[in-house]
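Participant: Structural data only, the sequence is not supplied:
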């Protein structure tokens with residue numbers, strides 16, 4: 001027996017909307033809008049929930065993101081910009097961590 005997991009995910013999203021009258025919680029495991037985002041710098045073959053569901057994963061800029069992930073996301077949002085260097089992005093990452101530690 002095989003399952004259409006992409007359809008099951010979409011059905012869970014729709015069922016939530018119908019029964020609650022609201023969209024699913026964005027951090028809901030498996031079917032939340034952000035459930036398939038890459039948040040850690042793993043190899044694609046390690047875990048890729050998005051491709052399992054037939055979707056493209058977004059890279060999220062978080063305190064856990066590597067500088068390479070941040071460059072990838074900035075390039076996706078603002079096209080390939082030569083200002084997104086490893087040096088600049090490493091400073092951005094440090095600012096993210098300082099803000100986190102400072103409670104901002």
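Facilitator: Now that the structure is in, tell me what you want to look at. Here the structure is a predicted model, which is why all the values come from computation and not from measurement.
Participant: Okay, and residue 88 sits in which element?
Facilitator: Following DSSP states H and E, one finds residue 88 within helix 86-101.
Participant: Show the residue spans covered by the helices in the protein.
Facilitator: In the chain, helices defined by DSSP state H lie at 5-20, 49-52, 67-78, 86-101, listed in chain order.
Participant: Around residue 62, how many other residues sit close by?
Facilitator: Residues near residue 62, counting by other Cβ atoms under 10 Å, number 15. All C-beta atoms are positioned from the backbone trio N, CA, C, and that covers glycine.
Participant: now it: how far from residue 68?
Facilitator: Separation of residue 62 from residue 68 (Cβ to Cβ, to the nearest Å): 14 Å.
Participant: And the lowest mean pLDDT element among the helices and strands of the chain?
Facilitator: Least confident helix or strand, the chain: helix 49-52 with a mean of 67, by mean pLDDT, DSSP states H and E.
Participant: Show me where this structure dips below the pLDDT cut-off.
Facilitator: Within the chain, the stretches with pLDDT under 70 are 26-27, 29-31, 34-52.
Participant: returning to that earlier point: just put the helices of the chain in CSV and tack on mean neighbour count and distance to residue 32.
Facilitator: What follows is the helices of the chain, written out as CSV (neighbours: other Cβ atoms under 10 Å; distance: least, Cβ to Cβ, whole Å):
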stretch, mean neighbour count, distance to residue 32
helix 5-20, 13, 9
helix 49-52, 14, 11
helix 67-78, 16, 19
helix 86-101, 13, 22
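Participant: now those in a markdown table, with distance to residue 58?
Facilitator: A markdown table is the format used below for these (distance: least, Cβ to Cβ, whole Å):
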| stretch | distance to residue 58 |
| --- | --- |
| helix 5-20 | 16 |
| helix 49-52 | 8 |
| helix 67-78 | 7 |
| helix 86-101 | 17 |
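Participant: For residue 82, give its distance to residue 102.
Facilitator: In this view, residue 82 and residue 102 are 31 Å apart by Cβ to Cβ.
Participant: correction: residue 70
Facilitator: 19 Å.
Participant: now do residue 28
Facilitator: Counting by Cβ to Cβ, the gap from residue 28 to residue 102 is 29 Å.
Participant: Looking at these two, which one has more neighbours?
Facilitator: residue 28 (15 against 7).
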